[in-house]
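**Student:** Fold the following and give me the result.
(2 chains)
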Amino acid sequence: MAKHATPLLDQLESGPWPSFVSDLKAQAAKRAKNAENIEFQIPTDVVEDLLGILELSFKHGRTHWKHGGIVGVFGYGGGVIGRYCDQPEEFPGVAHFHTMRVAQPGGKFYSTEYLRQICDLWDMRGSGITNMHGSTGDIIFLGTTTPQLEEVFFELTHNLNQDLGGSGSNLRTPADCIGEARCEYACYDTQALCYDLTNEYQDELHRPAFPYKFKFKFDGCPNCCVASIARADLSFIGTWRDNIRIDQEAVQAYIGGEIAPNGGAHSGRDWGKFDIQAEVIGRCPTQCMWMEDGKLKIDDRECTRCMHCINVMPRALRIGNDRGCSIFAGAKAPILDGAQMGSLVVPFIKVEEPYSEIKETVIEPIWDWWMEEGKNRERLGELMKRQGFQKMLEVMDLKPVPQHVQEPRHNPYIFWKEDEVDGGWERDINEFRKYHKR
Amino acid sequence: MEYEEAKQKLVEELTKKLKSKSKFYFNDLANILGEKPRDAKKLINRMVTDGVLEYWSSGSTSMYGMPGTGKQAAAEHEEK
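**Tutor:** I've put the predicted structure just below:
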């Protein structure tokens, strides 16, 4: 019999979808039984008390969690988020229920051994409840007590070769796609760059001195599997400068039906014969493709790297050879001012170790500007709006280029300065009056 | 700015403000020290290591305070 009756939560189990309530009940039962004889370091009934306090919150229509705290591990200002409940007598198991953020491995590649190790650690020293993965990408450990924080941190750093991630006004744990490890679309080694910057900026990750959170995300190609363009303050999206490589024989094989389009992803039902005109050429957003004498042609100057044609015919069309990334700044979720997509700052940059150009000409000037000018709790995207994109280009010492203009005649960012214009703002009024009457 | 001087200045200013405020943004501290953020960070990090300051985090935002000051997890706006 459950420790607390939870009629309101039970209702959430009645739908056709998987229920977190069922998962929590299973975890509560597992801890009560303790078939593996784990030496639990926090209350055995933590999960039952979690269900109980959630039920109470549903009943009252308000939360019983208190906000924030001073808990952490020595020397780190992030990675631990203090959580306490305001009903500790009734729910002692969750009197402390701190969250720990653990840095996810690059591309989220795990070994089963590693997963077992972190789960064993968390079963013993925490609630056993995890969240794979938080929106930052981290492995989230949900619920432990204050004395266990240093213990978990010691195990992670000494025995599991692992570190806590970022939280608070820090650089958040950088997140990347699987990149060149498994994906032929990857235009740079996302994991190498992510790993390098994570190491380079350890101080920014662990010791909060930013106005607010700051996120790096790395996508190997414009398919943007990590959605960096929508949520990272600085997003690195793979691209190429030369031409899409075309294998005309493979194009014919797609047309002839010998190769399934989209890697066979739509084979669940019969969509009819592959029609290159309707499915590829006609869908090109810039209309830069056509067939000529039985061959597929692309005007690469017009290509905006939407990836549609490459996704449909991956064996016929491949990314170019002169590869690097584009860097976008200022994306964020809607807290103030609504959601914002990243603005293109660097149209193309080579991604080569030791990445000095990226660090010294992009990341650090942007940070210096934001750290000095950003208001408390102001994201980079909001500062860009407040002071202007042009100001950001200035601090980065970049010249405006056409790619910075979102649409012709519709960009509030770029203005000429007097010293950029021949003759400046001064004019000879007498000369002017010769041609223009008063 | 020398570490000891910075420490004294910060503790003095934060103590003065204690009646109305016990937690401060990083920028508030940098302004008190009159240093650029990167220089201020070095001093402030050392103060945290020495136990002069401590971190407070909501999860999304980080702040700094002097240990033992302010109302902690127990209560806010509560009658004694």
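
**Student:** Give me the distance between the residue nearest to A:Gly126 when sequence neighbours are not counted and A:Ser267.
**Tutor:** Nearest non-adjacent residue to A:Gly126, counting by C-beta to C-beta, 6 or more residues apart in numbering or on different chains: A:Thr144, 3.9 Å away. Glycine gets a C-beta too; all of them are placed from N, C-alpha and C. A:Thr144 sits 46 Å away from A:Ser267, going by C-beta to C-beta, to the nearest Å.

**Student:** So these two - more neighbours on which side?
**Tutor:** Ranked by neighbour count (other C-beta atoms under 10 Å in any protein chain shown), A:Thr144 and A:Ser267 place A:Thr144 first, with 26 against 11.

**Student:** list the buried ones in stretch B:26-44?
**Tutor:** By 16 or more other C-beta atoms under 10 Å in any protein chain shown, the buried positions in stretch B:26-44 come out as B:26-30, B:32-33, B:35, B:37, B:40-41, B:43-44.

**Student:** can you pull the contacts of A:Ile319?
**Tutor:** Shown in contact with A:Ile319 (C-beta atoms under 8 Å, 6 or more residues apart in numbering or on different chains): A:Glu184, A:Tyr185, A:Cys187, A:Cys221, A:Gly238, A:Trp240, A:Ile244, A:Arg245, A:Ile310.

**Student:** quick revisit: my read is that the residue nearest to A:Gly126 contacts A:Met100, right?
**Tutor:** Yes: in this structure A:Thr144 lies within contact range of A:Met100 using C-beta atoms under 8 Å: 6.9 Å.

**Student:** burial measure for residue 19, as a count.
**Tutor:** I went with chain A, as the question did not name one. Other residues lying near A:Ser19 total 16 when counted by other C-beta under 10 Å.

**Student:** other chain: chain B
**Tutor:** That count, for B:Lys19 with other C-beta under 10 Å as the rule, works out to 7.

**Student:** Would you mind stating the distance between it and B:Met63?
**Tutor:** B:Lys19 is 17 Å from B:Met63, by C-beta to C-beta.

**Student:** just A:Arg62 next, same as before
**Tutor:** Distance from A:Arg62 to B:Met63, counting by C-beta to C-beta: 24 Å.

**Student:** Just want to know which of the two has more residues nearby.
**Tutor:** B:Met63 (25 against 8).

**Student:** average pLDDT for stretch B:57-69?
**Tutor:** For stretch B:57-69, the mean per-residue pLDDT is 91.

**Student:** Equivalent analysis for stretch A:348-355, please.
**Tutor:** 97.

**Student:** Which of the residues in it are classified as buried?
**Tutor:** A:Ile349, A:Val351, A:Tyr355.

**Student:** Could you do stretch A:359-376 as well?
**Tutor:** Quick answer for stretch A:359-376 (16+ other C-beta under 10 Å): A:Val362, A:Ile363, A:Pro365, A:Ile366, A:Trp367, A:Trp369, A:Trp370, A:Met371, A:Gly374.

**Student:** first vs last residue of it, how far apart are they?
**Tutor:** End-to-end distance for stretch A:359-376: 24 Å, by C-alpha to C-alpha, to the nearest Å.

**Student:** Low-confidence stretches in chain B?
**Tutor:** Along chain B, segments meeting pLDDT under 70 span B:71-80.

**Student:** Contact residues of it facing chain A?
**Tutor:** Residues of chain B that fall close to chain A, judged by C-beta under 8 Å from any C-beta of the partner chain: B:25-28, B:36-38, B:40-41, B:44-45, B:48-49, B:54-62, B:65, B:72-73.

**Student:** any idea of the pLDDT on A:Thr411?
**Tutor:** Rather than Thr, residue A:411 is Asn. We have a pLDDT of 57 for A:Asn411.

**Student:** for stretch A:250-270, what is the average pLDDT?
**Tutor:** 94.

**Student:** residues making contact with that stretch?
**Tutor:** Residues outside stretch A:250-270 that contact it (C-beta under 8 Å, 6+ apart) are A:273-274, A:276, A:279, A:294-296, A:311-317.

**Student:** And for stretch A:420-429?
**Tutor:** A:Glu418.

**Student:** From the opening residue of that stretch to its closing one, how far?
**Tutor:** With C-alpha to C-alpha as the measure, the ends of stretch A:420-429 fall 21 Å from one another.

**Student:** ditto for stretch B:16-32
**Tutor:** 12 Å.

**Student:** Just send the buried residues of stretch B:26-44 back as TSV, with secondary structure and distance to A:Gln340 too.
**Tutor:** Output for these, formatted as TSV (DSSP: H, G, I helix; E, B strand; the rest coil; distance: C-beta to C-beta, whole Å):
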residue	secondary structure	distance to A:Gln340
B:Phe26	helix	23
B:Asn27	helix	22
B:Asp28	helix	26
B:Leu29	helix	29
B:Ala30	helix	26
B:Ile32	helix	32
B:Leu33	helix	32
B:Glu35	coil	31
B:Pro37	helix	24
B:Ala40	helix	29
B:Lys41	helix	27
B:Leu43	helix	34
B:Ile44	helix	30
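
**Student:** can you list those in CSV and add distance to A:Leu12?
**Tutor:** Output for those, formatted as CSV (distance: C-beta to C-beta, whole Å):
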residue, distance to A:Leu12
B:Phe26, 40
B:Asn27, 42
B:Asp28, 43
B:Leu29, 45
B:Ala30, 46
B:Ile32, 49
B:Leu33, 51
B:Glu35, 52
B:Pro37, 46
B:Ala40, 48
B:Lys41, 45
B:Leu43, 50
B:Ile44, 45
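
**Student:** returning to that earlier point: the residues of chain B next to chain A in helices, which ones?
**Tutor:** With helices taken from DSSP state H, the overlap with the residues of chain B next to chain A comprises B:Phe26, B:Asn27, B:Asp28, B:Pro37, B:Arg38, B:Ala40, B:Lys41, B:Ile44, B:Asn45, B:Val48, B:Thr49.
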